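Chemist: Kindly return the folded structure for what I paste below:
(one chain, ligands or ions: 1)
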Amino acid sequence: MAPESVQPLAYDASSIQVLEGLSAVRKRPGMYIGSTDARGLYQLFSEVVDNSIDEVLAGACTQIDVTVHSDGSLSVRDNGRGIPVEEHPKYHRPTLEIVMTVLHAGSKFDRTAYKVSGGLHGVGVHVVNALSEWLEVRVRRNGHTYFQRYERGAPVAPLETTGPAEGTGTETRFKPDGTVMETTVFDKETIARRLKELSFLNAGVTINFRDERDHSSETFHHAGGIAEFVEDMNRTVTALFQPPIYLHAKRDTTDIEVAMQYNDGYNDTTLAFVNNINTADGGTHVVGMRAALTRTLNDYARQRGFVKGDKEGLTGEDVREGLTAVLSVKVLEPQFEGQTKARLGNSEVKGQVESAVHDKLAEFLEEHPAVGQTLIGKAVQAAQAREAARKARELTRRKGLLDGGGLPGKLADCHSRDPAECELFLVEGDSAGGTAKQGRDREFQAILPLRGKILNVEKARLDQMLQNEHIRALITAIGVGIGDEIDISRLRYHKIILMTDADVDGAHIRTLLLTFFYRKMPMLISEGHVYIAQAPLYRVAKGNRLAYAYTDEERDRVLQEFGGMKGVTIQRYKGLGEMNAEQLAETTMRPGARTLLKVTVEDAGRANELLQTLMGEEVEPRRAYIQAHAVEVTNLDI
Ligand code: 0RA
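Modeler: Here you go, the predicted structure:
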């Protein structure tokens, strides 16, 4: 049966099933997309884009156009094969309609080998449809253009053929439904960042992004794939060799790609992806890659006499010092684990990645001895520094600093010993620290004042870090330890709250602290223990009425509520220190009254990148960045 001859919608058994499915999604959106805030909205965008990316993975699509329209809708258009419109064998309706209303196309049609499963990934475009005020799909296939419109997930008319078509492809345009979604405004930067990432991960695809709201557009295309990704990540630092090492191999059905380059810094920045999904918490693929790196470089170093036979070898930390890498694997049936489904669980993948990376890296080093020498030189230096760090740590332990034995003198601890209810405020400056101490609830709120500049951990090794008084106090107060010995079960406060001034210095300290957590205690962030306190910018009073405003817009709203400027006093807080204890408590610290922002891994990553650019050695990108972002830098909003 050709789709044109499908009868008008009738309320038969299958359409009732559709409506029930839709109302289940609309009743509990969180079950399908995690939440209905900006994150949930982003899931809707991801779902639609990932479907087009699946066509790229199938080798059937070369271009994707993403547009945020001025009416608030978003469209994704691809030149893939087009969603099938032919009658579905089971449902006796056009497959397109079934995909849009019931089925999870990715799993039921097996159009590509690599698909995603588990958690929030790949829930099906019918979920997007159910959460949209309207959705329109256009498919080009068999020389025709097909069109169908849905409202809140239900078709408003049968699939129609609207005219002839050249080529094939799918375009989905949807407007998120404000009655079920808390947020309906797409965030341009988040979308652009993901599209750029996808263009690196899928070498050769062209992704055009247009935002009609500000008439901007950008094209992402990277023929060099993840090798260019690594170059981009290293653009603000000094790379030790050019171009990045690129390895590609298959083991069984798993496809493995690695790009890596070392820089003269000390950190390991490895981004890992499974079927184009970022696995921020690592997993078996990352474990396999690390094992391969350690084994291959140790073999190489011994064979060439860089490490003598009886000497202890290079550790994993040694060979990862200054490493920037992207690992991208394609796995047939990925299992995503952990609270945020950001860790790969498939046990077979470890051995596959280890074998592939070992073989290909050994081969590469054979053929590029100069690069091999550079790598080993760097790792041997790291091993020497590790020895120095161990000595420094032993010294600190003897002083009782790392085992919680002696808490730092500056810490005003709380009474409770139940970490789940305890909060640690990291406060900028001794004076604000004093106010916070008076304003806190000492039962469960602890205060640690931090004065002056915190050490930039981007530029310091562990031994140097441990010589810094602030860093030592921070580590001791938090309780989890540092380096290889980190143990999150010893966390003393489940909320660690950054409370800094709303000025440039405050932004700087916040960026440094976020970088510290991102680099040295990343699980505190990924498990949601790090927060930013929101202090008010204004105190607005009129007669016996009083309000605090956290933004300029809020201040204007308050002024309107108060009936204008007459008799109003506005105080602008330049720092936390200008508030008294009661004010600070009631605006910023007391649960119920305050607003806390939970820091995400992405927030912290951005802080880290910003810091690298601002503090990095490469002058040119720093100058360019400061010129381009002059306003934001003074108004850092993380
Ligand atoms: C099922 C089967 C085939 C393609 C698709 C779905 C498909 C889905 C989407 C979603 C967005 N863009 C898409 N492009 C294609 C394979 C059809 C065939 O073999 O012709």
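Chemist: from here on, contacts and neighbour counts on C-alpha atoms
Modeler: Noted.
Chemist: what mean pLDDT does stretch 75-91 have?
Modeler: Per-residue pLDDT values over stretch 75-91 give a mean of 93.
Chemist: Need the nearest residue in space to the closest residue to the ligand within the stretch 451-600 of the chain, chain neighbours excluded.
Modeler: Using C-alpha to the nearest ligand atom, the closest approach of the stretch 451-600 of the chain to the ligand is made by residue 600 at 29.3 Å. In space, and not counting its chain neighbours, residue 600 is closest to residue 525: 6.3 Å by C-alpha to C-alpha, 6 or more residues apart in numbering.
Chemist: and the helix or strand hosting residue 582, how far from the chain's centre?
Modeler: Under the criterion of DSSP states H and E, residue 582 resides in helix 581-584. Between the centre of helix 581-584 and the centre of its chain there are 34 Å (C-alpha atoms, centre = their mean, to the nearest Å).
Chemist: Give the next helix or strand downstream of it.
Modeler: That would be, after helix 581-584 and using DSSP H and E, strand 596-598.
Chemist: May I have the strands that pair with that following strand, each with its orientation?
Modeler: strand 530-533 (antiparallel) (DSSP bridges).
Chemist: Now do whatever helix or strand comes next after the strand it pairs with: which elements does it pack against?
Modeler: Moving toward the C-terminus from strand 530-533, the next helix or strand (DSSP H and E) is strand 538-542. Counting contacts by 3 or more C-alpha pairs under 8 Å, 6 or more residues apart in numbering; DSSP states H and E, strand 538-542 is packed against strand 545-549, helix 552-561, strand 568-572.
Chemist: can we see that at 7 Å?
Modeler: strand 545-549, strand 568-572 (3 or more C-alpha pairs under 7 Å, 6 or more residues apart in numbering; DSSP states H and E).
Chemist: got the angle for that strand vs strand 545-549?
Modeler: Using axes from the mean of the first three to the mean of the last three C-alpha atoms, to 10 degrees, one finds that strand 538-542 and strand 545-549 are set 160 degrees apart in direction.
Chemist: Can you get me the centre-to-centre distance for strand 538-542 and its chain?
Modeler: 37 Å.
Chemist: ok, residues contacting that strand?
Modeler: Under the criterion C-alpha atoms under 7 Å, 6 or more residues apart in numbering, residues 546-550, 555, 567-573 lie in contact with strand 538-542.
Chemist: closest to residue 126 among those?
Modeler: residue 550 (38.5 Å; C-alpha to C-alpha).
Chemist: Enumerate every residue touching the closest one.
Modeler: 535-538.
Chemist: residues contacting the residue nearest to residue 600?
Modeler: Residue 525 neighbours (C-alpha under 7 Å, 6+ apart): 518, 599-601.
Chemist: before we move on, the earlier item: mind listing what's buried along the helix holding residue 582?
Modeler: 581-584 (16 or more other C-alpha atoms under 10 Å).
Chemist: Let me know the secondary structure of the residue in the stretch 501-638 of the chain that the ligand sits nearest to.
Modeler: With C-alpha to the nearest ligand atom as the measure, residue 602 is the residue of the stretch 501-638 of the chain nearest to the ligand, at 26.8 Å. Using DSSP: H, G, I helix; E, B strand; the rest coil, the three-state assignment for residue 602 comes out as helix.
Chemist: Pick out the residue of the stretch 151-300 of the chain closest to the ligand.
Modeler: For the stretch 151-300 of the chain, C-alpha to the nearest ligand atom, closest residue to the ligand: residue 170, 4.9 Å.
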